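> Structure of the sequence below:
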Amino acid sequence: MKIIIILSVLISLNTCCNSKNMAIKETNLMTLNGTYQVKTLDNKEVSVNNITINFNKEENIISGFSGCNRFSGTYSLENGLLKVGPLASTKMFCQDTHQIESEMQQVLSKANEILIEEDGILKLLSDKKIILMASKEQDNKLVSFNYSAMSRGRFLDINVNDSLVSISKDREAKPISKAINKESWKKLNTLLEAIALDSISNLKSPTEARFYDGASIGTLKISKNGIVYESSNFDHGTPPLEIEALVKEILSLSENVE
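Reported below is the predicted structural model:
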């Protein structure tokens with residue numbers, strides 16, 4: 001008899017917890033409205049492309065910017081299940097972002113489930129697999145970092161945003177990503193505040209080994225408020241003094257990604 005009572009209590013608690021989780025998910029989905037900045041597509045870091053996705057819950061319209069063109073269409077949402085209707089798009093051709101734009105369209109067509117975490121991160125899923133992550137635009141203060149080092153024998157590409165650190169050491173392989181903690185993200189933004197973004201394209205490299213294959217070519221890109229600021233080229237390992245601390249912090253974060 002005692003065993004039956006204990007089992008009944010456990011079943012009741014489990015049902016209660018599941019109901020609570022369902023309630024939390026439904027409450028989070030009620031906040032689905034406005035513009036989100038896309039961070040990843042199929043686990044690939046794309047913050048630097050400034051891709052956006054907008055949900056208008058009053059009219060069930062989905063729209064956004066896919067890297068070159070703008071798109072719009074309709075969507076329906078019921079019990080966390082998402083269905084995106086046919087999308088109309090502008091017809092500009094952009095060579096540099098054509099592949100990313102194609103991937104964005106494929107992701108939207110495959111998405112069949114949507115989640116919004118308690119921290120506001122939006123996730124689109126296809127058959128339970130996360131295929132898109134985005135964060136809500138807040139006060140138009142979106143920031144992301146990209147550091148690359150290229151040479152004949154080296155390929156290094158690091159992307160950092162407020163949710164992920166992503167690193168790729170092979171042009172053909174998918175990048176490896178890891179969540180970034182709040183302290184590291186805060187430190188990056190503190191270092192960013194000390195940099196005059198409008199001037200980084202004119203910074204002088206302290207060394208010139210890259211001109212005779214003595215070092216990889218390093219470049220830092222910072223995306224802020226929809227504008228991408230790109231530094232002048234410099235030797236990997238010896239960036240200009242003005243951005244040295246920020247570059248070293250980005251490299252340090254990438255070392256912890258496995």
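
> can you give me the strands for the stretch 51-200 of the chain?
For the stretch 51-200 of the chain, the strands defined by DSSP state E, counting those that start in this stretch occupy 52-56, 61-65, 70-78, 81-84, 88-89, 113-116, 122-126, 129-136, 143-150, 155-160, 164-168, 176-179.

> Can you tell me which of the ones you listed is most buried?
strand 164-168 (a mean of 23; mean count of other CB atoms under 10 Å). (Each C-beta comes from the backbone N, C-alpha and C, glycine too.)

> Contacts for that strand, please.
39-40, 44-45, 133, 155-160, 174-180, 253-254, 256-257 (CB atoms under 8 Å, 6 or more residues apart in numbering).

> what are the pairing partners of it, and which direction each?
Strand 164-168 sits in its sheet next to strand 155-160 (antiparallel), strand 176-179 (antiparallel), going by DSSP bridges.

> Which one of those lies nearest to D213?
D213 lies closest, by CB to CB, to one member of those: strand 155-160, at 15.0 Å.

> Give me the below-cutoff pLDDT ranges for the protein.
For the chain, applying pLDDT under 70 flags the ranges 1-31, 137-141, 258.

> domains of it?
31-136, 143-254 (automatic domain parsing).

> still on that earlier bit, JSON lines please, covering the strands of the stretch 51-200 of the chain and showing distance to E101.
Output for the strands of the stretch 51-200 of the chain, formatted as JSON lines (distance: least, CB to CB, whole Å):
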{"stretch": "strand 52-56", "distance to E101": "13"}
{"stretch": "strand 61-65", "distance to E101": "10"}
{"stretch": "strand 70-78", "distance to E101": "9"}
{"stretch": "strand 81-84", "distance to E101": "16"}
{"stretch": "strand 88-89", "distance to E101": "9"}
{"stretch": "strand 113-116", "distance to E101": "21"}
{"stretch": "strand 122-126", "distance to E101": "16"}
{"stretch": "strand 129-136", "distance to E101": "14"}
{"stretch": "strand 143-150", "distance to E101": "18"}
{"stretch": "strand 155-160", "distance to E101": "18"}
{"stretch": "strand 164-168", "distance to E101": "19"}
{"stretch": "strand 176-179", "distance to E101": "21"}
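
> Good, we can wrap up now.
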